[in-house]
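Enquirer: What follows is a predicted structure for the sequence shown.
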Amino acid sequence: MSETVEETTAAPVETTDAASAAVEPVATIADQTEELVTPLNYWVPDESAPCYGLPGAVAPLGFFDPLGFSKNMELDGVKRLREAEVMHSRVAMMATVGYLIGESTPTITYGMDVHHTIANNQIPEVPGTVLFPFFLAINIAEATRAAIGWVEPGLGPLFTLRKTYYPGDIKFDPLGLKPKNAKDFATRQTQELQNGRLAMLAAAGMCVQEQINGKGILENLGF
């Protein structure tokens, strides 16, 4: 009788272990699926759409990629391209303003004389006491961005953005301008990209123009 009881009580234990082993992979798959469809700033990657449906396409050109940089690219690659575009856009927007302010307003280096060295030639003339904190701030900003958005070397493939990171969103919004719904966010993101794309062309044009005739931007326009 005692042997029968032992055999009867041992059987359910084996069944429970087998059930646990069967349930565990299912839970893992569910977690992975949930991670893939979790919206990032209201955006869910759509494989059927150009650039997985990221904002930025606007009339009259719509989606514009004549050289096919994003063609057949995986999601991680598309996110990395968008990260580069957003960051270069922001730098270019600051650069276009910087050209005008640096050349045509009173500055630390040149005092009240507003017709001074063109922007292309200013860095060698700026004192180290001004350049050091400037470049230090740039390094801190870039290190912070990398820590927020990029996978650390050794913990995953190189040059990979975090799964939970939306390209360009470093959580810096001191004025609370970030929209609160999907439509408004996509519109604001497209506006930022369009202004940034124009600024990249403008900054390049300013640089070339100054190299050609050696005049400042406003000076070249007669101001």
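Expert: The structure has been received and is ready for your questions.
Enquirer: what about the strands in the protein?
Expert: Counting by DSSP state E, the chain has no strands to list.
Enquirer: how about the helices in it?
Expert: Assigned by DSSP state H, the helices in the chain fall at 2-37, 75-104, 128-149, 182-213, 217-220.
Enquirer: Would you reformat those helices as TSV and include distance to Asn121, mean pLDDT and mean neighbour count?
Expert: C-beta: built from backbone N, CA, C; applies to glycine. Formatted as TSV, the helices of the chain follow (distance: least, C-beta to C-beta, whole Å; pLDDT from 0 to 100; neighbours: other C-beta atoms under 10 Å):
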stretch	distance to Asn121	mean pLDDT	mean neighbour count
helix 2-37	50	47	9
helix 75-104	10	94	18
helix 128-149	14	93	11
helix 182-213	8	96	15
helix 217-220	13	88	16
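Enquirer: Let me know which of those helices is the nearest to Glu47.
Expert: Proximity to Glu47 (C-beta to C-beta) singles out helix 75-104 among these, at 8.2 Å.
Enquirer: Give me the angle between the closest one and helix 128-149.
Expert: Calculated by axes from the mean of the first three to the mean of the last three C-alpha atoms, to 10 degrees, helix 75-104 forms an angle of 160 degrees with helix 128-149.
Enquirer: name the helices or strands packed onto helix 75-104?
Expert: helix 182-213, helix 217-220 (3 or more C-beta pairs under 8 Å, 6 or more residues apart in numbering; DSSP states H and E).
Enquirer: how does it look with 6 Å?
Expert: Applying 3 or more C-beta pairs under 6 Å, 6 or more residues apart in numbering; DSSP states H and E, one finds that helix 75-104 makes contact with helix 182-213.
Enquirer: For the residue nearest the centre of the chain, grab phi and psi.
Expert: Within the chain, the residue whose C-alpha comes closest to the C-alpha centroid is Gly168; the distance, by C-alpha atoms, centre = their mean, is 2.5 Å. The phi/psi pair for Gly168 (degrees, to the nearest 10) reads phi 90, psi -10.
Enquirer: now the nearest residue to it once chain neighbours are set aside: how far from Leu161?
Expert: Nearest residue to Gly168, sequence neighbours excluded (C-beta to C-beta, 6 or more residues apart in numbering): Val86, at 3.4 Å. From Val86 over to Leu161 the distance is 12 Å, taken as C-beta to C-beta, to the nearest Å.
Enquirer: Hmm, the residue nearest to Gly168 is touching Ile170, no?
Expert: No: in this structure, Val86 is not within contact of Ile170 by C-beta atoms under 6 Å, at 9.9 Å.
Enquirer: gap between the residue nearest to Gly168 and Tyr52?
Expert: Between Val86 and Tyr52 the computed distance is 15 Å (C-beta to C-beta).
Enquirer: Repeat that for Pro106.
Expert: 47 Å.
Enquirer: out of these two, which sits in the more crowded spot?
Expert: Tyr52 (18 against 12; other C-beta atoms under 10 Å).
Enquirer: still on that earlier bit, could you report the pLDDT at the residue nearest to the centre of the chain?
Expert: According to the prediction, Gly168 has pLDDT 95.
Enquirer: need the contact list for Gly56.
Expert: Gly56 makes contacts with Thr190, Leu193, as judged by C-beta atoms under 6 Å, 6 or more residues apart in numbering.
Enquirer: try 8 Å
Expert: Gly56 makes contact with Arg82, Glu85, Gln189, Thr190, Leu193, Gln194 under the criterion C-beta atoms under 8 Å, 6 or more residues apart in numbering.
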